[in-house]
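Asks: Got a sequence here, can you build the structure:
(2 chains)
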Amino acid sequence: MTLSAENVTAIVDKLYQNETLIAKVPKLRAALGLPDSAEWKTLYSSFGVGRVTAHTLLTHIFSEWVEKNGEEANFMEGLTIRQDNNMAVSPPPGLGKLDPGNTMQSELAKYRMRRMEQTWTPSLNSRFRIGQIPEQIQQQISSLPILSVKAELIEAVKKNRVLIVVGEAGSGKSTQIPKYLAEAGLAEAGLIGCTQPRRIAAKSLAERVSVECGTTVGGLIGYVIRFEKCVSADTVIKFMTDGLLVREFILNPNLSGYSILIIDEAHERTKYTDICFGLLRNVLNENPNLKVIISSATLDKERFSAYFDNAPIFTVSGNMFEVEEIYDQFSRDQLSYLSGVVDKVCSVHFNEGPGHILAFLPGQSDIEKASEQILSRTRNLMGSRHLLKMKIVQCYGLLSLERQNEIFKPAEEGYRNVVLATNVAETSLTIPGIRFVVDCGFFKQSEYDPNTGIEELKMKRITQPQATQRKGRAGRTEKGKVYRLYTKSDLISTFPSTGLPEIQRSNLESVVLQLTVMGFKDVFKFQFMDTPRSDAVCEALEKLQDLSALDEEMRLTPMGRQMAQFPLDPSLAKILVSSSKLRCSEEVLIIVSFLSIQNQSLFNQENYQATKDLVKASMHKFSHRSGDQLMYINIYEEWRSAGRSKHWCVQNHLNAQFLEEVQNIKDQLAEMMKGLHLPIVSCGSNTVAVRQAMCAGFFRQLAKRRGQYDYAKYPDSDRVRGSFFIHPSSSMFPVRPVPSFVMYAEMFRTSKMYMKGITIIDPSWVASEAPIYYKKMRALYPNFG
DNA sequence: AGGGTTTTTT
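Replies: Numbers count the residues shown, from 1 in each chain, chains lettered A, B, ... in the order given. Purely as a prediction, here's the structure:
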């Protein structure tokens, strides 16, 4: 028997399966310098040394042994492993070909060993077993409802390829399931991957589970989100966003290296969760070693099961306190929910005992209005009775991180917090200490209209599961109450039972491009759980053709392949790629980085009624006559020359976090461009090249002035009727004379159809930057361009 | 002329 990667791998795997084996092998134990009672697993896990290191170590020890004794057979015998004894274990993930002659590897292993011996020997048991896990956390873990079904759960996962796990909030499924499965030895053949819809959730779950295992993040437990990677060769449980898993499919279509994938929060049905579903269905046929767990709230469990070939459903109870439901006698319309919330918050404050109030409202402006009204109504009464004092806390997505952190600060003594929130507080943020929930029954949601390319913000009735979710926010720590501003019969008979999945109401350009890169030639044959609108798919295909990412036969072009490398919208990727040829990629990198940030605002948006004049003055200082995107460059450069100072940002009403994010994205995009040999060159102050590059992606988004302030789509087609307006938040809004021709980055409908991200361009540039689209348009409109 | 729910990408 000779030393080979497979041999050593098999030994390591064997050791993993039987952790005490090593202690029983005197020769090996002596070689490792372990005390008699030591256990192999304890050794590696206490220092976060994983399989690969163990592997290297063994290789090293083995070769030293052979060198000294010249007998391989004895060594192997000492391990009591025979070749016939199930040696065909697959190698650990990420190992690749082992090089026994790699001195660096073995030296590093020896170094780690020495360090280990110094610190570890005296307190082996207390270090990993219990000592590392604080008493309080141990208690929390052991009181989770899921613990009572641990054994059954592990059995069910062992028996099935796909399992649907249904559990209420507080069951502990997100943190405990991956841990249980790893403990049960189900991660032997590969990683356990867990997806989450949000970056914060992926990160904080990794941190929490690490604490529960007495390790630090990036060792046994790690996470990967866009632009942030915290895993190592030792990682067994990996948390990630669902969008990132979709990206991984491109590189690794069979998901080799994973033993189990857990899709968590599946009921939210995000765009990327839905794509993962379709991809996983395929992979289950290709990769027989893979198991899948779909983890969801109670909603729609039968549909999940049916979609995955009638996979069994495993139910876990929750850990919620009772929440009393109080309904209104009549339903309110969209005009009176605001006053309803104000009334209800005040009466709860005046009549109920201690505990914070959480009120759900549809938007930021509602929150600001309600704030004012509640304040003025309670001001006179403050202190006049033995009342609790009240503090109003606003909570919505565009709030800066500092303000969001305020929400988690404990209330001052003698104060009741009234949290006025949008649906960020429904799932993304959990606010502690809430006893009362006031639910207005509405929310806002965007829907994309593929025929016009316009995103519309619609006021909608919440769904029944949403109502349950909102109610649950009052029962996290003790018994609570929910005040619903609608009747019980309306909830049961007129509120929708499910919402529209995101994939059926969003732009599909990037989805179609990604699926094409993965080799799905016919997107219509991809088995979605809910099929996207066919006009949306067609629209995406046509746009990708216009971008020359797909050819006439819908095949991927080299340009399309290049575009798909970037974690950007196809339009933005095209602009970036085109900028190299136009010799303005340095500037366009800045612009694309600004445009790719969606959920933060560049200028301070808080209390905008009070601060808007100051914000406008600051914006005016940076503005550029050619448009918003050129202003971004001004801001970026001045921010850099101010030394990226936070103080400077505050003075100029800019969001420091936004600009740091721009820097981060820009650096990473620059790296990707280098990898693709796309030169990064500056055009200096020649803004023509920059604006031409933007035509390569935004060519469809042109508008021509029609009246005093209103615009018509250019070319004026009957698909998009009505007038467009420059959004008041644009730096071009106050510009006189009103520009006669503009290109916009974004279009959405609220009270009007608004264009945002305005650039002044020359329509003749479309001919060179988007030749395919130009030809099509010329055939229909002879004067186009 | 006058203001947007929420997420996310090797």
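
Asks: Tell me how chain A divides into domains.
Replies: Domains of chain A are assigned by automatic domain parsing as A:5-128, A:135-316, A:323-499, A:565-785.

Asks: Check the offset of the last one from the chain's centre.
Replies: Between the centre of domain A:565-785 and the centre of its host chain there is 25 Å, according to CA atoms, centre = their mean, to the nearest Å.

Asks: Same check on the third one?
Replies: Distance of domain A:323-499 from the chain centroid (CA atoms, centre = their mean) equals 25 Å.

Asks: got it, and stretch A:284-302?
Replies: Counting by CA atoms, centre = their mean, stretch A:284-302 is centred 20 Å from the centre of its parent chain.

Asks: Tell me which residues of it come out buried.
Replies: A:284, A:287, A:290-297, A:299-301 (16 or more other CB atoms under 10 Å). All C-beta atoms are positioned from the backbone trio N, CA, C, and that covers glycine.

Asks: still on that earlier bit, got TSV for the domains of chain A, with mean pLDDT and distance to DNA strand B too?
Replies: Supplementary listing: the domains of chain A in TSV, determined by pLDDT from 0 to 100; distance: least, CB to the nearest atom of the strand, whole Å:
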stretch	mean pLDDT	distance to DNA strand B
domain A:5-128	45	13
domain A:135-316	90	3
domain A:323-499	88	2
domain A:565-785	93	3
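
Asks: Please name whichever of those is nearest to A:Lys521.
Replies: domain A:135-316 (13.5 Å; CB to CB).

Asks: and the end-to-end length of the closest one?
Replies: 25 Å (CA to CA, to the nearest Å).

Asks: do stretch A:285-301 as well
Replies: End-to-end for stretch A:285-301, by CA to CA: 22 Å.

Asks: now swap in stretch A:444-463 and tell me
Replies: 12 Å.

Asks: Out of the buried residues of stretch A:284-302, which sit inside strands?
Replies: Among the buried residues of stretch A:284-302, the ones falling in strands (DSSP state E) are A:291-296.

Asks: starting at the chain centroid, how far to stretch A:186-202?
Replies: On the basis of CA atoms, centre = their mean, stretch A:186-202 sits 13 Å off its chain's mean C-alpha point.

Asks: Ignore what I typed, I meant stretch A:202-220.
Replies: For stretch A:202-220, the separation from the chain centroid amounts to 18 Å (computed by CA atoms, centre = their mean).

Asks: Which residues belonging to it are considered buried?
Replies: For stretch A:202-220, by 16+ other CB under 10 Å, it's A:202-203, A:205-215, A:217-220.

Asks: so who does the residue lying closest to A:Met563 once chain neighbours are set aside touch?
Replies: The shortest distance from A:Met563 to any non-neighbouring residue, by CB to CB, 6 or more residues apart in numbering, is to A:Ala573 (4.0 Å). Counting by CB atoms under 8 Å, 6 or more residues apart in numbering, A:Ala573 touches A:562-566, A:697.

Asks: export those residues to TSV and tack on neighbour count and distance to A:Val166?
Replies: Below are the contacts of A:Ala573 laid out as TSV (neighbours: other CB atoms under 10 Å; distance: CB to CB, whole Å):
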residue	neighbour count	distance to A:Val166
A:Gln562	16	42
A:Met563	28	39
A:Ala564	21	35
A:Gln565	16	38
A:Phe566	20	37
A:Gly697	31	43
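
Asks: Which members of those are the farthest-apart pair?
Replies: Maximum pairwise distance in the contacts of A:Ala573, criterion CB to CB, is 15.5 Å, between A:Gln565 and A:Gly697.

Asks: In contact with A:Asp264, which residues?
Replies: Applying CB under 8 Å, 6+ apart to A:Asp264 gives the contacts A:173-174, A:194-196, A:295.

Asks: among the residues you listed, which are in strands?
Replies: Among the contacts of A:Asp264, DSSP E puts A:194-196, A:295 in strands.

Asks: returning to that earlier point: now the domains of chain A as TSV including distance to A:Glu509?
Replies: Below are these laid out as TSV (distance: least, CB to CB, whole Å):
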stretch	distance to A:Glu509
domain A:5-128	33
domain A:135-316	12
domain A:323-499	10
domain A:565-785	5
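
Asks: A:Gln562 contacts A:Met673, doesn't it?
Replies: No: using CB atoms under 8 Å, A:Gln562 is not in contact with A:Met673; the gap is 10.0 Å.

Asks: on that earlier part again, closest one to A:Leu186 out of the buried residues of stretch A:284-302, please.
Replies: Nearest to A:Leu186, judged by CB to CB, of those is A:Lys291 at 7.7 Å.

Asks: ok, and the closest non-adjacent residue to the closest one?
Replies: A:Ile260 (4.6 Å).

Asks: you'd agree the one you found is in a helix?
Replies: No: assigned with DSSP: H, G, I helix; E, B strand; the rest coil, A:Ile260 falls outside any helix and is strand.

Asks: Contacts only, for it.
Replies: Counted by CB under 8 Å, 6+ apart, A:Ile260 has contacts A:157, A:181, A:186-187, A:190, A:192-193, A:290-293.

Asks: same deal with A:Asp366?
Replies: Here A:Asp366 is in contact with A:Leu338 (criterion: CB under 8 Å, 6+ apart).

Asks: What strand or helix carries it?
Replies: Using DSSP states H and E, A:Asp366 sits in helix A:364-379.

Asks: Export that helix to CSV, keeping only CA atoms.
Replies: Output of helix A:364-379 as CSV, limited to C-alpha atoms (Å, rounded to 0.1, in the frame of the first residue of the first chain):
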residue,chain,number,x,y,z
GLN,A,364,-42.2,57.0,5.3
SER,A,365,-44.5,60.0,4.8
ASP,A,366,-47.2,58.3,6.8
ILE,A,367,-44.7,57.7,9.6
GLU,A,368,-43.7,61.3,9.6
LYS,A,369,-47.3,62.6,9.7
ALA,A,370,-48.4,60.1,12.3
SER,A,371,-45.4,61.1,14.5
GLU,A,372,-46.4,64.7,14.4
GLN,A,373,-50.1,64.0,15.2
ILE,A,374,-49.4,61.6,18.0
LEU,A,375,-46.9,64.1,19.5
SER,A,376,-49.3,67.0,19.4
ARG,A,377,-52.1,65.0,20.8
THR,A,378,-50.2,63.6,23.8
ARG,A,379,-48.0,66.7,24.5
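
Asks: gap between the closest residue to A:Glu325 other than its chain neighbours and A:Thr430?
Replies: Nearest residue to A:Glu325 in three dimensions, chain neighbours excluded: A:Val482, at 5.5 Å (CB to CB, 6+ apart). As for A:Val482, its distance to A:Thr430 is 16 Å (criterion: CB to CB, to the nearest Å).

Asks: Also A:Ile200?
Replies: Per CB to CB, A:Ile200 is found 11 Å from A:Thr430.
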